[in-house]
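Colleague: below: sequence and its predicted model.
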Amino acid sequence: MWMEIVVELSRVVLLALILARLEKLPVRLLLRKAFWNDFRTRCAAYLGRNWPHVLLAQIAGFLLLVYGLMNGLIAVIVNEGTVRMAAEMAGFGHDKREAASNAMVYFLKNMSVIPMTMVYLARMIGFGDERVNA
């Protein structure tokens with residue numbers, strides 16, 4: 001239970017860092033109401049300009065690239081040989097190979113797919129877009 005809390009808190013911190021980087025702002029400015037009011041205006045303008053064609057294309061790109069390609073790549077990386085090697089290095093018996101496989105998949109997803117999804121979705125709604133209200 002406590003590990004899941006740590007993982008979720010790290011995702012919140014990671015999301016704050018991603019949003020701050022996309023906006024080229026210090027993280028503390030994300031806590032200000034003025035930032036979110038400005039972003040709400042920019043987001044509405046961004047989505048208004050890009051609905052529906054660009055947004056639907058971005059969703060299709062997300063499904064194909066981030067979800068499909070990255071999960072496929074993880075499936076290629078985490079195969080019987082790599083799981084066997086990792087389990088032997090960790091000293092796991094044959095009965096723990098499924099646990100080793102799951103741990104490898106979760107690690108790779110937490111380090112790649114989840115952060116890339118955060119960035120992609122943030123860009124889809126206009127984070128990092130120009131600061132000019134349209």
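Modeller: Received, thanks.
Colleague: now stretch 46-57, how far from the chain's geometric center?
Modeller: 21 Å (Cα atoms, centre = their mean, to the nearest Å).
Colleague: need the distance between the two termini of it.
Modeller: 15 Å (Cα to Cα, to the nearest Å).
Colleague: give the buried residues for it.
Modeller: Along stretch 46-57, these residues count as buried under the neighbour rule (16 or more other Cβ atoms under 10 Å): 46, 50. (Glycine included, C-beta is placed from N, CA and C.)
Colleague: what sits up against it?
Modeller: 124-126, 129, 134 (Cβ atoms under 8 Å, 6 or more residues apart in numbering).
Colleague: check stretch 3-14 too.
Modeller: Residues contacting stretch 3-14 (Cβ under 8 Å, 6+ apart): 110, 114-115, 118.
Colleague: and the top helix by length along the chain, what's its mean pLDDT?
Modeller: When the chain is parsed with DSSP state H, its longest helix is helix 2-23. For helix 2-23, the mean per-residue pLDDT is 92.
Colleague: over to stretch 45-54?
Modeller: Mean predicted lDDT for stretch 45-54 stands at 90.
Colleague: okay, now the unreliable bits of the protein?
Modeller: 130-134 (pLDDT under 70).
Colleague: can you give me the helices for it?
Modeller: So, for the chain - with DSSP H - the helices run 2-23, 33-50, 53-61, 70-77, 80-90, 97-108, 114-124.
Colleague: run a quick neighbour tally on L64.
Modeller: 10 (other Cβ atoms under 10 Å).
Colleague: nope, V83 is what I meant
Modeller: For V83, using other Cβ under 10 Å, the count is 21.
Colleague: ok, it touching A100?
Modeller: Yes - using Cβ atoms under 8 Å, V83 makes contact with A100 at a distance of 5.4 Å.
Colleague: just the buried ones from the contacts of stretch 46-57?
Modeller: 124-126, 129.
Colleague: does A99 touch F92 like I think?
Modeller: Yes - assessed by Cβ under 8 Å, A99 is found in contact with F92 at 7.2 Å.
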